[in-house]
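[1] Sequence and computational prediction follow.
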Amino acid sequence: MLTGWNANLGRTAQRQRRRTRDPMAAYDALPAPLRAWLARAALPWSPASCLRLWERGRARGLSVDERLAALDRAQTRALMREAQAA
């Protein structure tokens, strides 16, 4: 049984890090479509990593829907890595 600061992450192969900022403040500062995506994400994404992908898509001129699709693809790749690690 997991205990401690990482107990609510479940079994994941992702690296676990301590947060240096308030995660709720970071979440609240995200654009609304990105917050909605993060709320239904299958993995415990950090607001910072999601925002980094979001801003990268914006810099490339992607629409909101295209940025959300890029996040879905990134999550699919992460889930595939999880399956291989298990």
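    Arrived safely, thanks for sending. Residues are numbered from 1 along each chain as shown.
[2] Determine the longest helix present in the chain.
    Taking DSSP state H as the assignment, the helix of the chain that covers the most residues is helix 64-85.
[3] burial measure for Asp22, as a count.
    For Asp22, the neighbour count with other C-beta atoms under 10 Å is 11. For every residue, glycine as well, the C-beta is placed using N, CA and C.
[4] Report pLDDT for it.
    The score at Asp22 is 82. That number is its pLDDT.
[5] still on that earlier bit, may I see the buried residues of the longest helix of the chain?
    Applying a neighbour-count criterion of 16 or more other C-beta atoms under 10 Å, the buried positions in helix 64-85 are 67-68, 70-71, 75, 78.
[6] Poorly predicted segments of this structure, please.
    For the chain, the stretches flagged by pLDDT under 70 are 1-20.
[7] let's see it at 50
    Under the criterion of pLDDT under 50, the regions of the chain flagged as low confidence span 1-2.
[8] now the helices for it?
    With DSSP H applied, the chain shows helices at 23-28, 32-39, 47-59, 64-85, listed in chain order.
[9] elements contacting the third one?
    If I follow you right, that is helix 47-59. Packed against helix 47-59 by the contact rule (3 or more C-beta pairs under 8 Å, 6 or more residues apart in numbering; DSSP states H and E) you find helix 23-28, helix 32-39, helix 64-85.
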